[in-house]
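Trainee: Just to be clear, the model below is a prediction. Sequence and coordinates:
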Amino acid sequence: MNRKLLIRDLTLRDGQQSLFATRMTQDQVDRVLPLFRDAGFYAMEVWGGAVPDSVMRYLNEDPWERLEKIKAVIGDTSKLTALSRGRNLFGYNPYPDSVIEGFNRHAVQSGIGIMRIFDALNDVNNMKSTIKYVKENGGIADCTVCYTVDPKFRKRDRLKGILKGKPLPGKVFTIEYFVRKAQELEKMGADMITIKDMAGLIPPVKSGIIIKLMKEEVGIPVDFHTHSTPGYGLASLLTAIMNGADIVDTCILNFAGGPAAPAFEIVQIFCDKLGIETGVNLDAVVKINRELLEIRKELAAFDSYQIFPLEFDITKDKLPKEVDALFDKAIDLANERRERELLETTQAIEKYFNFPPPNENVRAAEIPGGMYTNMLAQLKQLKLEKLLPRVLEIIPTVRLAAGCPPLVTPTSQIVGVQAVNCVIDENNGKPFYTTNSNQFVNLVKGLYGKTPIPVDPAFRKQITGSPKETPYDPKDYKKQENPVLEEFGNVQLVQNEKEELLLELFPAVANGFLRNRIETGFMAEINKIEEEKRRKYEEARASFENLSEEEKKKRLLEGLYNYKWTSDQAQLGEDEE
């Protein structure tokens, strides 16, 4: 009997978020849902991440309705999954248990079967509440260990640190570190573990070792998640499969590659050669991919690559012999742990399928692609892009000072913005940390949780005014106001708990979205009333016109109509009832 590998499809959440800024409309999603139902993936990631924010902000759609509509079509053929940031849920700031409980209860009730829970600091205590409430409501707690790399210091920086009497720390993010986190999460009640490599920085040999050790040390399923940005993704996914991963994350061909996850079709070819069953209906996948091509064309304005993958029907198209041989070669190289050659081979496979080449800047800087592009955009806005090399140079220093947080959203953005601030300060003749973002201050303060290594108390005092760590206190939380909208009939902005949660989690965006919805409903009601008046008017007019001239005159004289009579015509007044 062949080994079974479960596939989590990311197309409708992570895929479209990575490639098209989360701009798929409900109508576009609806077009592929019956096909996904036929495909029978183990799971489909369809919600969380940037979806709730984006569908309100850009599409004027209700996030809860999107989830419920997907569930109505998919049913129980695939488990629907979402992504959330533990105590932070979607933003930077922590939330009290009342908000965490309400969000997870409604998420599961609306269709989520698996909640993928991560914390940007890998602080497992920040995940505890979400684990509890997901499980209490019948969901599966998919607990994530975020993969990251150690700060990469130049030799002179290391020497400088030692000379100042502050030796730089040894290895922080070791293989043992990730396995230990998985063990901690299993003890806390995790139903499965995901090693989540959001930046695509995990090299293939290390990927295989981590998965193998996790399978030995934890007794629950292990999922592997990565991205293709710097060129490691496909090779690392292959070694994860070959070392016992229970589940892997992929996107369908036209929504795969580049900053997204590796393509399912390529993974399926590897599985066929390895004698591994995925249980996916390939005929349905071909139909989905065909429809995704049309949707991708419709999303061209948000497609930064404009590079379309090879048109490939996995049910009937044959690979050229030399390409098919690359798959066999990659398997052999993975077995032999010949990493450099393995990467060359898998990248050659992706080149044949016309995926974007590896992002060499991201690979060299060892930071997430989104962090890199955001820093560049921040500098370009100020016409200071020439400072980018210096920003990349000091990121390790900024990161180390802040307790060495993993480079994963949102801490990657916090560190990136602060590195830019420091270099701009330097460029203006000021000391580093003259300008600090509120998020960086809160990170150093301890508001977001425990950092992997302690923050130097002297540095904390410099940034926050106090050397003492200040953890999050739920008593400090201020609930969003629910104003009465007098202009729309004295209704409150928030009508139910789901809307209340949207306002708590996305205050600015949800405020505009909910106001717009109320205004639209209010105007629709007014229009309905006016339409009813017009209908009655037309009925009365038609009835009147059918009367004889004598009957018309008689009714007018009786005062039944507000009517101006002339010898040749009659006209109903506008105020007729």
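Mentor: Looks like it arrived, so ask away.
Trainee: C-alpha only now, for contacts and for neighbours.
Mentor: OK.
Trainee: so where do the strands sit in the stretch 351-500 of the chain?
Mentor: Using DSSP state E, counting those that start in this stretch, the strands found in the stretch 351-500 of the chain span residues 484-485, 491-492.
Trainee: which stretch among those strands comes nearest residue 319?
Mentor: Proximity to residue 319, assessed across those by Cα to Cα, is greatest for strand 491-492 (60.4 Å).
Trainee: Against which helices or strands is the closest one packed?
Mentor: strand 484-485 (3 or more Cα pairs under 8 Å, 6 or more residues apart in numbering; DSSP states H and E).
Trainee: Kindly recompute the last result at 10 Å.
Mentor: Identification of packing neighbours for strand 491-492 by 3 or more Cα pairs under 10 Å, 6 or more residues apart in numbering; DSSP states H and E yields strand 484-485, helix 507-545.
Trainee: one step back: mind putting the strands of the stretch 351-500 of the chain in CSV, mean pLDDT and mean neighbour count included?
Mentor: Compiled in CSV, the strands of the stretch 351-500 of the chain are given as follows (pLDDT from 0 to 100; neighbours: other Cα atoms under 10 Å):
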stretch, mean pLDDT, mean neighbour count
strand 484-485, 89, 14
strand 491-492, 89, 14
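Trainee: Now tabulate these in a markdown table and tack on distance to residue 414.
Mentor: Converted to a markdown table, the strands of the stretch 351-500 of the chain look like this (distance: least, Cα to Cα, whole Å):
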| stretch | distance to residue 414 |
| --- | --- |
| strand 484-485 | 36 |
| strand 491-492 | 35 |
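Trainee: Any idea which of those strands gets closest to residue 200?
Mentor: So among the strands of the stretch 351-500 of the chain, strand 491-492 is nearest, using Cα to Cα, at 44.8 Å.
Trainee: Could I get the average pLDDT for stretch 46-66?
Mentor: Computed over stretch 46-66, the mean pLDDT rounds to 96.
Trainee: Report the buried residues of it.
Mentor: 46-57, 60-64, 66 (16 or more other Cα atoms under 10 Å).
Trainee: again, but for stretch 361-380
Mentor: 362-363, 366-372, 375-376, 378-379.
Trainee: same question, stretch 177-190
Mentor: For stretch 177-190, by 16+ other Cα under 10 Å, it's 178-183, 185-186, 188-190.
Trainee: With stretch 382-396 instead?
Mentor: Quick answer for stretch 382-396 (16+ other Cα under 10 Å): 387-388, 391-396.
Trainee: Turn the residues you listed into TSV, including distance to residue 516 and pLDDT.
Mentor: Output for the buried residues of stretch 382-396, formatted as TSV (distance: Cα to Cα, whole Å; pLDDT from 0 to 100):
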residue	distance to residue 516	pLDDT
387	42	95
388	40	93
391	41	93
392	42	92
393	45	91
394	44	91
395	41	92
396	44	91
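Trainee: Could you export these as CSV, including distance to residue 150?
Mentor: Shown next, in CSV, are the buried residues of stretch 382-396 (distance: Cα to Cα, whole Å):
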residue, distance to residue 150
387, 23
388, 20
391, 17
392, 14
393, 14
394, 14
395, 11
396, 8
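Trainee: which non-adjacent residue is nearest residue 408?
Mentor: The shortest distance from residue 408 to any non-neighbouring residue, by Cα to Cα, 6 or more residues apart in numbering, is to residue 120 (5.8 Å).
Trainee: Quick check: that neighbour is in a strand.
Mentor: No: counting by DSSP: H, G, I helix; E, B strand; the rest coil, residue 120 is not part of a strand but coil.
Trainee: how about it, what does it touch?
Mentor: 85-86, 88, 92, 126, 144-147, 405-412, 448-449, 451 (Cα atoms under 10 Å, 6 or more residues apart in numbering).
Trainee: switch the cut-off to 7 Å
Mentor: Residues near residue 120 by Cα atoms under 7 Å, 6 or more residues apart in numbering: 406, 408-411.
Trainee: Phi first, then psi, for residue 358.
Mentor: phi -60, psi 140 (degrees, to the nearest 10).
Trainee: how much space between it and residue 248?
Mentor: Shown here: residue 358 relative to residue 248, a distance of 21 Å by Cα to Cα, to the nearest Å.
Trainee: So between the two, which is more surrounded?
Mentor: Taking neighbours as other Cα atoms under 10 Å, residue 358 and residue 248 compare with residue 248 leading, 23 against 20.
Trainee: My reading is that that one lies in a strand. Confirm?
Mentor: Yes: assessed by three-state DSSP, residue 248 belongs to a strand.
Trainee: give me the beta-bridge partners of the closest residue to it other than its chain neighbours?
Mentor: Computed as Cα to Cα, 6+ apart, the closest residue to residue 248 that is not its neighbour in sequence is residue 224, at 5.0 Å. With DSSP bridges as the criterion, residue 224 is bridged to residue 195, residue 248.
Trainee: Number of residues surrounding residue 224?
Mentor: What residue 224 shows, counting by other Cα under 10 Å, is a neighbour count of 24.
Trainee: Can you verify my assumption that it contacts residue 249?
Mentor: Yes: Residue 224 is in contact with residue 249 according to Cα atoms under 7 Å; the separation is 6.5 Å.
Trainee: which stretches of the protein have low pLDDT?
Mentor: Scanning the chain with the threshold set as pLDDT under 70 gives 1, 154-168, 557-577.
Trainee: can you tell me which of the buried residues of stretch 46-66 are in helices?
Mentor: Secondary structure from DSSP state H places 51-57, 63-64, 66 of the buried residues of stretch 46-66 in helices.
Trainee: Between the buried residues of stretch 177-190, which sits nearest residue 37?
Mentor: Nearest to residue 37 among the buried residues of stretch 177-190, with distances taken as Cα to Cα, is residue 190, at 27.2 Å.
Trainee: Wasn't the closest one part of a helix?
Mentor: No: Residue 190 is assigned coil when assessed by three-state DSSP, not a helix.
Trainee: Could you report the separation of it from residue 183?
Mentor: Residue 190 is 9 Å from residue 183, by Cα to Cα.
Trainee: tell me the contacts of the spatially closest residue to residue 453 that is not a sequence neighbour?
Mentor: Once flanking residues are discounted, residue 453 sits nearest to residue 403: 4.9 Å by Cα to Cα, 6+ apart. By Cα under 7 Å, 6+ apart, the contact list for residue 403 reads 451-455.
Trainee: Among these, which are located in helices?
Mentor: Among these, no member lies in helices (by DSSP H).
Trainee: give the contact list for the closest residue to residue 88 other than its chain neighbours.
Mentor: Spatial nearest neighbour of residue 88, excluding adjacent residues (Cα to Cα, 6+ apart): residue 94 at 4.3 Å. By Cα under 7 Å, 6+ apart, the contact set of residue 94 is 87-88, 448.
Trainee: any idea how far the residue most central in space within the chain is from residue 241?
Mentor: Nearest to the mean C-alpha position of the chain, counting by Cα atoms, centre = their mean, stands residue 49 at 2.6 Å. Remark: distance between residue 49 and residue 241 (Cα to Cα) = 25 Å.
Trainee: What of residue 123?
Mentor: Relative to residue 241, residue 123 is positioned 27 Å away (Cα to Cα).
Trainee: Looks to me like residue 44 is in a strand.
Mentor: Yes: assessed by three-state DSSP, residue 44 belongs to a strand.
Trainee: That one contacts residue 7, doesn't it?
Mentor: No: the criterion here is Cα under 7 Å, and residue 44 misses it with residue 7 at 8.6 Å.
Trainee: Pick out whichever of those two has more residues nearby.
Mentor: Neighbours per residue, other Cα under 10 Å: of residue 44 and residue 7, the larger number sits with residue 44, 28 against 24.
Trainee: mind listing what that one touches?
Mentor: Residue 44 neighbours (Cα under 7 Å, 6+ apart): 8-10, 78-81.
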